[in-house]
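Participant: structure, please.
(2 chains)
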Number of protein chains: 2
Amino acid sequence: MDFLKIEGFSFSAVAAGVRYPDRLDLGLVFSNRPAVTAGVFTTNQIKAAPVRLGIERLKKGEAQAILVNSGCANACTGEEGLRAARQSCALIAAELGIDQEQVLPVSTGVIGEQLNIPAFQKYCGQLAAGLSPDDLPRVARAIMTTDTVAKTAHTTVQIGDRQVRLIGMAKGAGMIMPNMATMLAFVCTDARISFPELHHALVQAVARTFNRITIDGDTSTNDTVLVMANGAAGNRWIDSGEDLQAFQDGLETLCRDLALQIVADGEGASKCITIRVCGAKEAADAEKIARTVANSNLVKTAFFGEDANWGRIIAAMGRAGVKFSPERVNISFADVMLVKNGLGLGREAEAAATKVLREKSFAVTIDLQDGASCEEIFTCDFSIDYVKINADYRS
Amino acid sequence: MDFLKIEGFSFSAVAAGVRYPDRLDLGLVFSNRPAVTAGVFTTNQIKAAPVRLGIERLKKGEAQAILVNSGCANACTGEEGLRAARQSCALIAAELGIDQEQVLPVSTGVIGEQLNIPAFQKYCGQLAAGLSPDDLPRVARAIMTTDTVAKTAHTTVQIGDRQVRLIGMAKGAGMIMPNMATMLAFVCTDARISFPELHHALVQAVARTFNRITIDGDTSTNDTVLVMANGAAGNRWIDSGEDLQAFQDGLETLCRDLALQIVADGEGASKCITIRVCGAKEAADAEKIARTVANSNLVKTAFFGEDANWGRIIAAMGRAGVKFSPERVNISFADVMLVKNGLGLGREAEAAATKVLREKSFAVTIDLQDGASCEEIFTCDFSIDYVKINADYRS
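Facilitator: Next up, the predicted model:
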């Protein structure tokens, strides 16, 4: 797994019994030098303790470690929760011999329960001792909740005469929309870049990737995307123009890779669907319609049932709060046109579209024939397993 | 069923094979004299042909018949669909010996297919011949789609020295929110009232009843609520003040009865839940939070799983787009307080709340402790059967 290594970064994960026994649930990402670090956090008004602390600590734009646990979200836990988040950071900082302000805490799991500090007291030593440059995949496993597979990605970018590397991991599963839902992603890079550029690149990449996916329309209290840049590549400073664009493109590629892995592993999902709205007057209109369709339970259950029920798509479009001309709407599943100028093309077209629906991954293209703007949202189908998973999650 | 009769109104239903064989799918409500008639229709931008025609015809505030079919929505059917809606009205008008403009067409069912006019040609005679004052329940059955029970209701109102009667029926099931989703309701009354008052009373009643229920957040292309008043009670004209208030209260009572029946019979629903948000600064804020919670798939699957997972409720509140103080939020299930000042009250409270969740019907009260406004939304849980029903609906 040499692809998932970068000089100066090391990783570790242990089964600490934060909530459940015998599964990896405590992870550590460590940079052997202070790294320029940027973050994007949940837009939910209810922010978990680690999110509040992370936002505060990232004001200086630098960090050296990410301490992440699954099992407990440490959300809605009041002052006690904030104290616990601080204490967990202090415990690992002491083991690592760094200032506790250099540690960013991240949590995912059940809301409303206090963090299991004894687990941190018992396992932080082992966690720090286990650091290895090879173990990013183990941390990717430790952050899983209802995820069924660990998600990792890597890419490279040419900056001047140097190759800059980016490696990352994510978790997702449910609550993915509209802005950074129960999802975590951590990216490490050896790029030499300063905070304003790194932050700008991250905000752009998140807007076009993680914020374009939706599983069920819910948004969590704990969403966090972090990127740490340690400068080990020794590239010329990425400050603007072409270099910044190249780095941003690379970061976006990596984030899209992780985002699509999250959709593919959406709770109970059996299919990945791209909802593409074209021919809109404004990009914002296209996005609004795409999001409404991508979140409609009726549309998503029809995808699950492999039913080319375009009526539900057009009904969802009609409540998106965007003006359009129904009699100009075209709808295609992959390259099969189903609706032309607002009217269905009949049983044969539906039969062809049904074949598309049997694929694991396809695009639905909605053309408003009213302008030049085009936007995409990535979603999944809505299955019986989604309900099972979410009815049983805590029990 | 004397409760479901009113002098001057008669009803009929037949199995016409509009889409499926051997089930009641064509219904008729007939007033033996022109009745003052008001309607409220879907807010979806995509309006079915019968909705477009109904809006047009109700400008005169009068009608004599409602012709309703299930199986085919006659939505997204273009000019041909409009012609078919007109033709179906002409066919029944000829049998009834009335002007076709006096007929209001209503359809529910699959979107994007043309109306089966031969079925109307074949069965309108039998439909008209079968009119009976006793058969409102048969029409209530004919309008069912994924409904599992027919929904009827009745009430009386004292206006001066006369008793005014109201009887009604509804269908619902899915796509119920935010404004008049795939639901139909027809109310007949013998009240003597003119159009502006009747229309005003209906708009008020719908806002507080049918528009306060949600099954899955989707809104249909065909929603229609109609009220016909034939004046047979001979009451003094209901024009303003106390009489109008009494009539409006009666209409609201009837509509609430039908609306709650729709929630109870929500697709796959096993429970009815009232989401009550109190202590808000503004009523609109309370409603927005209540709607967001009532529509959260994560909240609704937790209800189905009988899991007192208040973290999902507070997470949904946090994305409602309304400012509130998380540290003041109280949440109760029935009379069991689970969250006080933003913090969970622990395992014992959750155990007691879990008992509430086993009931068929209960209220969740969210107190923001920030003002005096209070609003309610009625919802149901989200079950495996919802997905089954909607994945299979057309097949």
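Participant: from here on, just use CA atoms for contacts and neighbour counts.
Facilitator: Will do.
Participant: pLDDT below threshold where in chain A?
Facilitator: Applying pLDDT under 70 to chain A picks out residues A:1, A:173-182, A:215-219, A:386, A:389-395.
Participant: do that again at 80, thanks
Facilitator: A:1-2, A:146, A:173-182, A:214-220, A:240, A:266-269, A:384-395 (pLDDT under 80).
Participant: for it, which segments are assigned as helices?
Facilitator: For chain A, the helices defined by DSSP state H cover A:49-57, A:78-96, A:117-129, A:136-142, A:195-208, A:241-264, A:283-295, A:297-304, A:310-318, A:347-357, A:384-392.
Participant: distance to chain B and mean neighbour count added to these, as TSV?
Facilitator: Below are those laid out as TSV (distance: least, Cα to the nearest Cα, whole Å; neighbours: other Cα atoms under 10 Å in any protein chain shown):
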stretch	distance to chain B	mean neighbour count
helix A:49-57	13	21
helix A:78-96	7	19
helix A:117-129	18	18
helix A:136-142	22	24
helix A:195-208	17	18
helix A:241-264	17	21
helix A:283-295	10	24
helix A:297-304	5	26
helix A:310-318	5	26
helix A:347-357	10	17
helix A:384-392	4	20
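Participant: and those as TSV, adding distance to B:Thr379?
Facilitator: Formatted as TSV, those follow (distance: least, Cα to Cα, whole Å):
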stretch	distance to B:Thr379
helix A:49-57	31
helix A:78-96	30
helix A:117-129	39
helix A:136-142	36
helix A:195-208	33
helix A:241-264	28
helix A:283-295	18
helix A:297-304	15
helix A:310-318	20
helix A:347-357	31
helix A:384-392	17
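Participant: figure out which of the ones you listed is closest to B:Ile117.
Facilitator: Distance to B:Ile117, taken as Cα to Cα, is lowest for helix A:347-357 among these, at 18.7 Å.
Participant: neighbouring contacts of the closest one?
Facilitator: A:Phe303, A:Glu306, A:Asp307, A:Ala308, A:Phe333, A:Ala334, A:Val336, A:Met337, A:Leu338, A:Phe362 (Cα atoms under 8 Å, 6 or more residues apart in numbering or on different chains).
Participant: tell me, how many residues neighbour the residue nearest to A:Lys340 when sequence neighbours are not counted?
Facilitator: Residue nearest to A:Lys340 in three dimensions, not counting chain neighbours: A:Asn330, with 4.5 Å by Cα to Cα, 6 or more residues apart in numbering or on different chains. Each residue near A:Asn330 was counted by other Cα atoms under 10 Å in any protein chain shown, and the total is 22.
Participant: remind me, longest strand of chain A?
Facilitator: Counting residues, the longest strand found in chain A (DSSP state E) is strand A:26-41.
Participant: pull up the pairing partners for that one, direction included.
Facilitator: Here strand A:26-41 has these sheet partners by DSSP bridges: strand A:9-14 (antiparallel), strand A:62-72 (antiparallel), strand A:224-229 (antiparallel).
Participant: can you put those in JSON lines and add mean neighbour count and distance to B:Ile384?
Facilitator: Formatted as JSON lines, those follow (neighbours: other Cα atoms under 10 Å in any protein chain shown; distance: least, Cα to Cα, whole Å):
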{"stretch": "strand A:9-14", "mean neighbour count": "26", "distance to B:Ile384": "35"}
{"stretch": "strand A:62-72", "mean neighbour count": "25", "distance to B:Ile384": "25"}
{"stretch": "strand A:224-229", "mean neighbour count": "26", "distance to B:Ile384": "31"}
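Participant: domain ranges for chain A?
Facilitator: A:2-264, A:272-392 (automatic domain parsing).
Participant: adding distance to B:Ala352, write these out as CSV.
Facilitator: Listed next are these as CSV, based on distance: least, Cα to Cα, whole Å:
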stretch, distance to B:Ala352
domain A:2-264, 17
domain A:272-392, 18
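Participant: for the residue nearest to A:Lys340, which residues are in contact?
Facilitator: A:Met337, A:Leu338, A:Val339, A:Lys340, A:Asn341, A:Gly342, A:Ile366, A:Asp367, A:Leu368, A:Gln369.
Participant: between all of these, which two are at the greatest distance?
Facilitator: Farthest-apart pair in the contacts of A:Asn330 is A:Leu338 and A:Gln369; separation 15.3 Å (Cα to Cα).
Participant: is A:Thr189 in a bridge, and if so with what?
Facilitator: Applying DSSP bridges to A:Thr189 gives these bridge partners: A:Leu166, A:Ala229.
Participant: list the contacts of it.
Facilitator: By Cα under 8 Å, 6+ apart, the residues touching A:Thr189 are A:Ile6, A:Val164, A:Arg165, A:Leu166, A:Ile167, A:Val227, A:Met228, A:Ala229, A:Asn230, A:Gly231.
Participant: same thing with A:Gln163?
Facilitator: A:Thr156, A:Val157, A:Ala233, A:Asn235.
Participant: wait, A:Asp167 touches A:Ala140, no?
Facilitator: Not Asp; residue A:167 is Ile. No - contact criterion Cα atoms under 8 Å: A:Ile167 and A:Ala140 do not qualify, at 11.5 Å.
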